[in-house]
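[1] Next come a sequence and a model predicted from it.
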Amino acid sequence: MTDPGQTGSNCEILTTNLSLPPAEVDDRARDIAARIQREIGAYARIAGSPIELDLIQIVKRNLAFYLRSLATGIVPQPAELAEFEEACGRRLRQGFPLEAVLRAGRLESQAMWEIVLERAPPDRARAIASLTMRYMDAINVASERGYVHAREDMGRSLDEATRLFLSRLMRGDFVDEAEAAGEARLLGFDLARFRVGIVVEADRVPPAGRSAIDMQLVEAAAELRAVCLDSPSGLIESGLVLAVPATSPDRVAEMVAAALARPRTPVPRLIAGIGSPRAGSSGLKASFAEARRALAWAQS
């Protein structure tokens with residue numbers, strides 16, 4: 001949206017001496033990217049990588065957008081900043097913390113401001129500074145939005161990957177212990193620890209059908225994750241499964257019973273089967289089998 005205070009004759013003055021030839025834009029972008037790598041530790045590792053090339057291109061686009069904003073007095077709309085939003089999401093997936101990404105954005109803005117100060121008429125410095133702040137705000141909002149969306153997507157992806165892993169483990173799909181242990185590490189947990197397999201199901205299918213059961217299981221999963229830390233879990237066809245680190249089933253049974261006893265829709269009633277503490281993929285598979293047998297016995 002155009003700001004009336006930044007249009008008209010002011011724009012003509014701001015345009016003077018602020019445009020850069022394409023070759024200089026490219027050189028300046030490379031200089032800014034190099035500065036980011038020097039001054040921010042998280043970026044020091046990207047030299048010579050595709051991430052560095054991507055960073056240079058994003059800085060180049062940012063500089064071009066910034067100069068255009070100063071020339072027109074118009075801050076880009078959110079739709080125009082979609083590529084910066086996507087770039088910030090990529091940084092998360094590439095392992096950059098949000099603090100480093102936002103600091104890189106501030107450093108980038110500072111460097112672009114310094115470029116403009118070299119060329120700006122002194123009497124226009126205040127107007128340029130005001131528009132620069134508005135431009136920085138727009139870029140920061142886009143960056144944070146991209147990072148948050150990517151984090152949410154990664155959370156959903158991790159949940160799904162964990163669910164699939166547990167399903168495969170219970171079916172015995174892994175070639176050996178090493179393959180299962182390696183995949184578990186990628187998902188952030190250690191199969192070498194003693195774990196108790198837990199299977200939570202509905203006591204019986206209610207008239208409302210499977211959807212009512214799944215809603216109850218999702219609620220139970222949230223409660224159990226809050227008290228059973230470092231416990232990979234997932235909703236599979238038969239119910240909710242968790243692998244809780246423990247060397248005795250007694251304390252686990254108490255936590256599960258307390259979680260399932262919390263007030264919720266009375267139907268369906270959820271029940272849990274608990275296995276014995278075991279280590280390794282084959283041990284955890286056996287513990288889940290014990291939990292299923294316990295459920296079958298309770299429902300017989």
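    Nice, thanks for sending it over. Residues are numbered from 1 along each chain as shown.
[2] Quick one: low-confidence residue ranges for the stretch 51-200 of the chain.
    151, 154-156 (pLDDT under 70).
[3] That one: helices as residue ranges?
    82-93, 98-119, 125-171, 177-186 (DSSP state H, counting those that start in this stretch).
[4] I'd like the next helix or strand past the strand ranked longest in the chain.
    Ranked by residue count and defined by DSSP state E, the top strand of the chain is strand 195-202. Where DSSP states H and E defines the elements, the next helix or strand beyond strand 195-202 is helix 210-227.
[5] Buried residues in that next one, which are they?
    Neighbour counts over helix 210-227 (16 or more other CB atoms under 10 Å) mark 212-213, 216-217, 219-221, 223-224 as buried. (C-beta placed from N, C-alpha, C; glycine too.)
[6] In TSV, list those residues along with pLDDT and distance to P21.
    Compiled in TSV, these are given as follows (pLDDT from 0 to 100; distance: CB to CB, whole Å):
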residue	pLDDT	distance to P21
A212	71	66
I213	79	66
Q216	81	65
L217	85	62
E219	83	61
A220	86	63
A221	86	58
E223	85	62
L224	87	61
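[7] List just the nearest of those to E86.
    A221 (31.0 Å; CB to CB).
[8] ok, now how distant is the closest one from S231?
    Distance of A221 to S231, computed by CB to CB, to the nearest Å: 10 Å.
[9] S238 now?
    S238 sits 18 Å away from S231, going by CB to CB.
[10] And for S248?
    Relative to S231, and taking CB to CB, S248 is found at 15 Å.
[11] Which one's more surrounded, these two?
    S231 (20 against 11; other CB atoms under 10 Å).
[12] what's near enough to touch the more buried one?
    If a contact means CB atoms under 8 Å, 6 or more residues apart in numbering, then S231 has 224-225, 242-245 as its contacts.
[13] can we see that at 10 Å?
    By CB atoms under 10 Å, 6 or more residues apart in numbering, the contact list for S231 reads 189, 195-196, 198, 221, 224-225, 242-246, 252, 255.
[14] Could you list the domains of this structure?
    Annotated domains of the chain cover 4-153, 172-299 [automatic domain parsing].
[15] Can you check which residues contact both of A221 and S231?
    Taking CB under 10 Å, 6+ apart as the criterion, A221 and S231 both touch L242.
[16] now what about stretch 32-39, what contacts it?
    Contacts of stretch 32-39 (CB under 10 Å, 6+ apart): 42-47, 52-60, 62-63, 100, 103-105, 107-112, 114-115.
[17] The same query, at a cut-off of 8 Å, please.
    43-44, 46-47, 52, 55-56, 59, 63, 104, 107-108, 111-112.
[18] Repeat that for stretch 100-107.
    32, 35-36, 39-43, 88, 91-92, 136, 139-140, 143-144, 147.
[19] Quick one: buried ones out of those?
    For the contacts of stretch 100-107, buried by 16+ other CB under 10 Å: 32, 35-36, 40, 42-43, 88, 91-92, 136, 139-140, 143-144, 147.
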